[in-house]
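Visitor: Structure for this input, please:
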Amino acid sequence: MNRTTSITLLLIGMLLFLGSCAPFAYVIYHEVVLESSQRYSLSGIGMSDKTTFNSSPGSLVRFAVEADVSTDSVQEDTENYSDDYFARFDFPISYRISDVNGNTLLKEDVRLVWKDGGSISKSNENITSTGGTLTASTSFDKFTVPADGSFNIDIEVSPDTTYEANATSLKLLLYEGMIDNTWYIVAGIIMVIVGFIMAMIGFIFVVTDAAKASTQQQLSDPNTVNDLAQRNTDANQQAMFIQLSAFAGYIIPLGSIIAPLILWQIWKDKDPYVDRMGREAVNFQLSMALYYIICVLLMFILIGLVLIFVVMIFHLTFIIIAAVQTSSGVEYRYPMIIRFIKS
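Guide: Numbering: from 1, shown residues only. The predicted structure follows:
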C-alpha cells in the first residue's frame, strides 16, 4: 500500500470515527433535550384521569409524568465518598393509550421510582439527611399516532406505600417528533468500528512506510552496513519481538513493561545488540507508563482527556517504528525516553 492510499485510509477512518458522534447526538437530543410539546395537569395522587390528545398521524410520540416530590426517606451516597443523600420515593403508575374506537395502542404499569429506572430524570434537588424535595419525571414507551391523529390516555398515579413520599403538581407531558433509536445507534456503532479499523490500518501503513524509509536511509551508511554484516538474523528478530511484545499491555495490566522485560532478560546474553535494544524497549515502556500516569492525574483539569489519546498514538507509533527498525538490525533509539536502566 503506497503512502497516498495509507493517508487517505487514515483520514477516512478518522472522519468516520468522529462522524459517529452525529447519530448518537441526534438520539440524545430526541431522548433528553427535546422539550414536551403538550402538558396536561393530572388530578392528583390516587385519582384517575382520561384525556384526548392530537398529533401528526403516523408520527412517533411518547408520554411522561412529572411531579414535585417531597420525602423524609433518604439514603446516603456511599459510592462517591461525599455527604450527599438520595431522596427515596416509589409511585406506581398505570396507564392505557387507545384510539378513538377504544382499541388499545399501549398499556403498561410503570413506576416513578427513585432508582433502578432508566427512564427517570431528576432536577431541582434539595436533599439533606432528614429528607428533601425534588422534581422527578419518568418516560413511557413510544407509540405511533393513529391515522386520524387522535388518541386517548387513561392514567392513574397511585400513592407511595413504600417510603410514604408525597407528590404534587402532577403533569402529563407529551413529546412529539420522536425517532426510532435502533438504526441511529446501529449506524453510530458501525461508524465507530469501521472508522477505527480503517484508521488503524491506515495509521499502521503510514508508520511502517515512514519506518522503512528511515531504515533505508540508515542502511545507506557504510558503518551501519558493517555492523549488520557482523550480526546474525536471529538477533534482529529477537530485538524486534521485544519491541512488539509491548502490545501485551493492551491485553493484560502492565504487560507492556513485563513482556519486554522478560524477553530481554531471556535473550540479552545471546547478543550485545539484543541487550541494547531490550534495554531501550524497557526504558521506553517505563517512560510511557509515567506519561500515562501524568495524563490520568491531569484528567482532573480535563486536559488529560486529550493528552492521553496523544500519548497513546505516540506509544503505538514508536513501538511499530522500533519493531521495523530492529528487524533490519538498525540501532534504534526511542525519542522522549527516560533511561531508568543504564547500560
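Visitor: can you give me the strands in the stretch 151-300 of the chain?
Guide: Counting by DSSP state E, counting those that start in this stretch, the stretch 151-300 of the chain has strands at residues 166-175.
Visitor: in the stretch 101-250 of the chain, what spans have low per-residue confidence?
Guide: The stretch 101-250 of the chain contains residues with pLDDT under 70 at 116-118, 210-232.
Visitor: following the host helix or strand of E125, which helix or strand comes up?
Guide: Element membership of E125 [criterion: DSSP states H and E] is strand 120-128. Sequence order places strand 131-144 as the next helix or strand after strand 120-128, per DSSP H and E.
Visitor: how about that next one: buried residues?
Guide: Buried residues in strand 131-144, counted by 16 or more other Cβ atoms under 10 Å: G131, G132, T133, L134, A136, S137, T138, S139, F140. Any C-beta I mention is one placed from the backbone N, CA and C, and that applies to glycine too.
Visitor: Kindly report the same for stretch 89-106.
Guide: For stretch 89-106, using 16+ other Cβ under 10 Å, the buried residues are F89, D90, F91, P92, I93, Y95, I97, S98, L106.
Visitor: Kindly reformat those as TSV containing distance to G13 and secondary structure.
Guide: Output for the buried residues of stretch 89-106, formatted as TSV (distance: Cβ to Cβ, whole Å; DSSP: H, G, I helix; E, B strand; the rest coil):
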residue	distance to G13	secondary structure
F89	47	coil
D90	48	strand
F91	48	strand
P92	49	strand
I93	46	strand
Y95	46	strand
I97	45	strand
S98	49	strand
L106	42	strand
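Visitor: Can you lay out the residues you listed as CSV showing distance to S37?
Guide: As requested, these are arranged in CSV below (distance: Cβ to Cβ, whole Å):
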residue, distance to S37
F89, 27
D90, 28
F91, 24
P92, 26
I93, 21
Y95, 18
I97, 16
S98, 20
L106, 18
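Visitor: Number of residues surrounding Q237?
Guide: 15 (other Cβ atoms under 10 Å).
Visitor: Nearest residue to it in space, please, no chain neighbours.
Guide: S327 (6.9 Å; Cβ to Cβ, 6 or more residues apart in numbering).
Visitor: tell me the contacts of that neighbour?
Guide: Listed by Cβ atoms under 8 Å, 6 or more residues apart in numbering, the contact set of S327 reads N236, Q237, A239, M240.
Visitor: Out of those residues, which comes closest to I28?
Guide: M240 (45.3 Å; Cβ to Cβ).
Visitor: how close does the closest one sit to T135?
Guide: 62 Å (Cβ to Cβ, to the nearest Å).
Visitor: swap in M178?
Guide: Distance from M178 to T135, by Cβ to Cβ: 22 Å.
Visitor: Also A165?
Guide: Distance from A165 to T135, by Cβ to Cβ: 13 Å.
Visitor: Same check on P253?
Guide: 43 Å.
Visitor: which residue packs closest to I189, ignoring adjacent ones?
Guide: S20 (7.7 Å).
Visitor: so who does the one you found touch?
Guide: With Cβ under 8 Å, 6+ apart, S20 has these contacts: G188, I189, M191, V192, G195.
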